[in-house]
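K.L.:
sequence plus predicted model, see below.
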Amino acid sequence: MLILISPTKTLNFVQNISGLAETKPLFFDKSASLVNVIAGMSLAQIKTIFKLSDMLSQKTFNEYQDWSVTDIQNPAIYSYAGTVFDKMNPSQFSLEDMQFAQLHLCIIDGLYGLLRPMDMIKRYRLEMNTKIPLHGFKNLYAFWCDLITSYLQTQLCQSDYIINLASKEYFKAIKFEDLNVLVITPTFAEWSNGVLKTKATYAKQARGLMVAFCIKNQIENPNDLKLFNQEGYEFSETHSNKNNFVFIRKSQ
């Protein structure tokens, strides 16, 4: 089983408290080549291509200029600040939780391709849909897709399955049809005027809670996902199928 999630724009490095050994990103050399491209951009190009304010443009420009020389690094799982990671709350994971996460959790990323929880990262900003000029590649999806998919092919067998908790922006960076495994995408919704609707904020919170649920309970059987019932959610057999597990939130 493998859980896939997305990174966040905001980084907030928090000290490694897991006791687990730190690891090097799987595709570090590929990331370094990407950094070289971005480091060659002007401040004006960074602002235009990344669509940033003057302040964020300067910050991003400086991070890429200093990327090869800075020694400030942090484990990926403790580096992102956002709703999903806040609700996941990895600072509360035990050593056993982190050992399970290291084997079963991956972050799909624009700069690093695929990150395991203890992979060490530097400060950066790069969304998967950023249209940076790449020699020989149409975009970052083309840059990463074959490499990530090939890696997953070596890690997964036909009896495995993927829990897709990543956003659509990052989910499409992988050729899932080439993996020949079951992909389950949990959907979190609630009733509104007789119609099931997904509210973005609540859905993000639920994705983070679902990640923590899987890790703390060491979920191996996909049917055990149906036991998730935090913050008013209940699995709906009626609205679900083998690829889409629907959890409906009770009105608060």
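P.N.:
Everything's here; your move. Numbering: from 1, shown residues only.

K.L.:
now residue 177: how far from residue 153?
P.N.:
12 Å (C-beta to C-beta, to the nearest Å). Yep, even glycine has a C-beta here, placed from its N, CA and C like the rest.

K.L.:
helices of the stretch 51-200 of the chain, start to end?
P.N.:
All helices of the stretch 51-200 of the chain, identified by DSSP state H, counting those that start in this stretch, fall at 54-66, 83-88, 95-104, 140-155, 168-171, 200-216.

K.L.:
what's the closest of those helices to residue 132?
P.N.:
helix 140-155 (7.1 Å; C-beta to C-beta).

K.L.:
picking up where we left off before, comparing residue 177 and residue 153, which residue is more hemmed in?
P.N.:
Legend: neighbour count by other C-beta atoms under 10 Å for residue 177 and residue 153, higher for residue 153 (14 against 8).

K.L.:
does the more buried one touch residue 179 like I think?
P.N.:
Yes. Using C-beta atoms under 8 Å, residue 153 makes contact with residue 179 at a distance of 6.2 Å.

K.L.:
so which of the helices of the stretch 51-200 of the chain gets nearest residue 28?
P.N.:
Per C-beta to C-beta, nearest to residue 28 of those: helix 140-155, 12.1 Å.

K.L.:
can you pull the buried residues of the closest one?
P.N.:
140-141, 143-145, 148-149, 151-152 (16 or more other C-beta atoms under 10 Å).

K.L.:
and those residues, which is closest to residue 197?
P.N.:
Closest approach to residue 197 among the buried residues of helix 140-155 (C-beta to C-beta): residue 141, at 28.7 Å.

K.L.:
and the closest one, what does it touch?
P.N.:
Residues near residue 141 by C-beta atoms under 8 Å, 6 or more residues apart in numbering: 128, 172-173.

K.L.:
ranking the residues you listed by neighbours, who comes first?
P.N.:
residue 173 (26 neighbours).

K.L.:
any idea which of the buried residues of helix 140-155 is closest to residue 228?
P.N.:
Nearest to residue 228 out of the buried residues of helix 140-155 is residue 152 (C-beta to C-beta; 23.8 Å).

K.L.:
what's the distance between the closest one and residue 47?
P.N.:
Distance from residue 152 to residue 47, by C-beta to C-beta: 35 Å.

K.L.:
turn the buried residues of helix 140-155 into CSV, including distance to residue 56 and pLDDT.
P.N.:
Output for the buried residues of helix 140-155, formatted as CSV (distance: C-beta to C-beta, whole Å; pLDDT from 0 to 100):
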residue, distance to residue 56, pLDDT
140, 19, 96
141, 23, 95
143, 23, 95
144, 23, 96
145, 27, 95
148, 27, 95
149, 32, 94
151, 31, 92
152, 32, 92
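
K.L.:
between these, which is closest to residue 186?
P.N.:
Of these, the one sitting nearest to residue 186 (C-beta to C-beta) turns out to be residue 152, at 19.0 Å.

K.L.:
partner strands of the helix or strand bottoming out on mean pLDDT in the chain and their direction?
P.N.:
In the chain, the helix or strand scored least confidently by mean pLDDT, DSSP states H and E is strand 195-197, which has a mean of 87. Strand pairing for strand 195-197, determined by DSSP bridges: strand 182-192 (antiparallel).

K.L.:
CA atoms only: put the partner strand into PDB for me.
P.N.:
The C-alpha trace of strand 182-192 is given here as PDB (Å, rounded to 0.1, in the frame of the first residue of the first chain):
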ATOM      1  CA  LEU A 182      -5.900  -0.500  -7.600                       C
ATOM      2  CA  VAL A 183      -6.100   3.300  -7.100                       C
ATOM      3  CA  ILE A 184      -8.500   4.400  -4.400                       C
ATOM      4  CA  THR A 185      -9.400   8.100  -4.200                       C
ATOM      5  CA  PRO A 186     -11.300   9.000  -1.000                       C
ATOM      6  CA  THR A 187     -13.900  11.800  -1.500                       C
ATOM      7  CA  PHE A 188     -15.100  13.800   1.500                       C
ATOM      8  CA  ALA A 189     -18.500  15.500   1.100                       C
ATOM      9  CA  GLU A 190     -21.600  16.600   2.900                       C
ATOM     10  CA  TRP A 191     -25.200  17.200   2.100                       C
ATOM     11  CA  SER A 192     -26.300  20.600   1.000                       C
END
